[in-house]
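K.L.:
dropping the sequence and predicted coords here.
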Amino acid sequence: MSSSSVTQIFVRGQKVGIIGLKETLESVVEAFRGKPDAVIQEELLSRFSKSNYIPESVKDYYRIAFLREYKKFVGEPVKETDAQEGFQIKILGPGCPNCEGLERLVMAVLAELQIPADVEHIRDPLAISQYGVMGTPALVVNEKVVSVGKVPLRSALKSLIADAWRKD
């Protein structure tokens, strides 16, 4: 499928590029029309896994996203709530060494846990003040301030992110 197109879809609120989406949907649409959702999800996951990296820890979210794309393709109604949701992490701080270090640590922990997230470093003092924090760096997960004035230990950050991911 080297000549296949790449299409961005939302998987758990994150934009993800999928190789061969249109081509794969075209190839299964007739054979799977009227089949149970679970059967369609498994077939799509199997086919897309051949040309796309899908982390084991988020396969269920990909199944949901693939079924949503299939239903849109065949003209069935779908809920687009997935596009508005997502796992968001914000680092609040002017760009000092601790703020930059927290940003690098967050990225490393996310990669280690294989958790997709929107990560944003907010440096503007006015924007930081909107969160009501009195010290930096500060860490905000899904709009909830979870740490202020320090860089958490790697183990604590890992637990904090994993717990927030599971609750989401």
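P.N.:
Noted; the coordinates are in hand.

K.L.:
so which residues of this structure form helices?
P.N.:
Counting by DSSP state H, the chain has helices at residues 21-32, 37-49, 59-74, 81-84, 97-113, 125-129, 154-167.

K.L.:
winner for burial among those helices?
P.N.:
helix 59-74 (a mean of 18; mean count of other Cβ atoms under 10 Å). From N, CA and C alone the C-beta is placed, and that goes for glycine too.

K.L.:
got the contact list for that helix?
P.N.:
9-12, 16, 21, 25, 28-29, 32-33, 37, 40-42, 44-45, 48, 54, 77-79, 82 (Cβ atoms under 8 Å, 6 or more residues apart in numbering).

K.L.:
now stretch 97-113
P.N.:
57, 89, 91-93, 116-117, 119, 121, 123, 136-137, 139, 150-152, 154, 157-158, 161-162, 165.

K.L.:
how about low-confidence regions in this structure?
P.N.:
For the chain, applying pLDDT under 70 flags the ranges 1-3, 79-86, 168.

K.L.:
and the protein, split by domain according to the record?
P.N.:
The chain breaks down into these domains under automatic domain parsing: 6-83, 87-167.
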